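Student: please find the sequence and the predicted model below.
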Amino acid sequence: MLEISSLKELLAQPKRIVITTHHKPDGDAMGSSLGLYNYLIQKGHQVKVVSPTDYPVFLHWLPNNFEVLVYTDKPEEAKQYVADADLVFCLDFNALSRINELGELVREAKALKVMIDHHPEPEGFDDYRYWSTSACATAQLIFDFIVQVMCDRELINKDVATCLYTGIVTDSGSFRFSNTTADVHRIAAELIKCGVENAKVHERLFSDFSENRLRFLGHCLTNRLEVLPEFNTALMWVEKQDLEKYHIAVGDTEGLVNYALSIAGIRLAALIIDRPDKVKLSLRSTGDFPVNEICKKYFNGGGHRNASGGSSDDSLEETIKTFKAVLPAYKTLLVQ
């Protein structure tokens, strides 16, 4: 592993750089990627953000979003960018399986790999690593990287700040989650000083629902919610016909699981969605309950202690049965 501090000298001269992030990027993934992009272009680098897949429309307003190349739309062009790169920044993930087909391209590329991430248990494909599980968001680490490693605080302009603020807001649950430390608030204040219109950011992220999305939410809360009081657990599920009926787009299920977690007394919430390719799970918890352990052990996934995801090749019905069958083993933790 190379010293992260040596990147300052390496980036003193223009380089060809690719920035990529995990599939189905969320606010932190795109916020950190475009935040880093808007910083690096000020230093004269040739930079391309390559996303493995599409991402929610409510993130398309981010500064210089039009520069993002989606791998599934233009795979050959994306492959060329990776092949030609001097450096590949891997943001908000730490295992190459998280970027789908891009993973092996990045692994085989001649480029030096820089991982900046806050998830546990890195795979170890990287040459440089800026990593901390105590960070609330990768965007927080990008801020620290620019300020502490690169000593370029003055290059955090409005575009950089807006992207990083978006990443921090989304991954901290609008500053509600337990990982929102005093440092996070100090960084948010710094970003607002740099020009972030924080009220507009929150409006674009959380107050721009389509009518279909709102009706879909009502349907799920009325017909797809089950509370298991003996385990202090709430479960929501979404069937294929639900996605079709309400014309659900990428990102429309974002935050749905939090409604289940908001019920008084609930310590564990699950959202299980019957996607076209496989069944996807999102788990959330309060306190010390380790949802990442459940996702890793039973659902081919992982993540943070209080927020994790996974998937299953079984049917929706079988996946729900498996989830419920897991709960007795964790009853002591759930009802304490």
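Tutor: Looks like it came in fine.

Student: show me where the stretch 1-150 of the chain has its strands.
Tutor: Per DSSP state E, counting those that start in this stretch, the stretch 1-150 of the chain carries strands over the ranges 16-21, 46-51, 69-70, 87-91, 112-117, 128-131.

Student: same thing with the stretch 201-336 of the chain?
Tutor: 225-228, 233-238, 268-274, 279-285, 302-303, 307-312.

Student: output those strands as TSV; include the columns mean neighbour count and distance to Glu244.
Tutor: All C-beta spots, glycine's among them, are computed from the backbone N, C-alpha and C. As requested, those are exported to TSV (neighbours: other CB atoms under 10 Å; distance: least, CB to CB, whole Å):
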stretch	mean neighbour count	distance to Glu244
strand 225-228	14	20
strand 233-238	23	11
strand 268-274	25	11
strand 279-285	25	16
strand 302-303	19	28
strand 307-312	21	20
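
Student: for Ile192, find the nearest of the ones you listed.
Tutor: Nearest to Ile192, of all those, is strand 307-312, at 25.0 Å by CB to CB.

Student: for the nearest residue to Asp171 once chain neighbours are set aside, which residues are in contact?
Tutor: Nearest non-adjacent residue to Asp171, counting by CB to CB, 6 or more residues apart in numbering: Ala137, 3.6 Å away. By CB atoms under 8 Å, 6 or more residues apart in numbering, the residues touching Ala137 are Asp28, Gly31, Ser32, His118, Gly167, Ile168, Thr170, Asp171, Ser172.

Student: how about a cut-off of 6 Å?
Tutor: Asp28, Gly167, Ile168, Asp171 (CB atoms under 6 Å, 6 or more residues apart in numbering).

Student: as TSV, these with distance to Glu239 and neighbour count would be great.
Tutor: Compiled in TSV, the contacts of Ala137 are given as follows (distance: CB to CB, whole Å; neighbours: other CB atoms under 10 Å):
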residue	distance to Glu239	neighbour count
Asp28	29	28
Gly167	32	30
Ile168	34	30
Asp171	28	28
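
Student: lowest-scoring secondary structure element of this structure by mean pLDDT?
Tutor: strand 302-303 (a mean of 86; mean pLDDT, DSSP states H and E).

Student: what's the spacing between that strand and its chain's center?
Tutor: With CA atoms, centre = their mean, to the nearest Å as the basis, strand 302-303 stands 11 Å off its chain's centre.

Student: just stretch 315-324 next, same as before
Tutor: The answer for stretch 315-324 is 25 Å, by CA atoms, centre = their mean.

Student: show me this protein divided up by domain.
Tutor: Per automatic domain parsing, the structural domains of the chain span 4-206, 211-335.

Student: winner for burial among these?
Tutor: domain 4-206 (a mean of 19; mean count of other CB atoms under 10 Å).

Student: how about the helices in the protein?
Tutor: Ranges of helices in the chain, per DSSP state H, are 7-10, 27-40, 75-84, 102-108, 138-144, 158-171, 182-193, 198-206, 211-223, 240-245, 256-261, 291-298, 316-326, 331-335.

Student: in a markdown table: those helices, plus distance to Thr53 and mean pLDDT.
Tutor: Converted to a markdown table, the helices of the chain look like this (distance: least, CB to CB, whole Å; pLDDT from 0 to 100):
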| stretch | distance to Thr53 | mean pLDDT |
| --- | --- | --- |
| helix 7-10 | 28 | 95 |
| helix 27-40 | 11 | 98 |
| helix 75-84 | 11 | 97 |
| helix 102-108 | 10 | 95 |
| helix 138-144 | 17 | 98 |
| helix 158-171 | 17 | 97 |
| helix 182-193 | 27 | 98 |
| helix 198-206 | 20 | 94 |
| helix 211-223 | 20 | 95 |
| helix 240-245 | 16 | 96 |
| helix 256-261 | 19 | 95 |
| helix 291-298 | 20 | 94 |
| helix 316-326 | 22 | 97 |
| helix 331-335 | 34 | 94 |
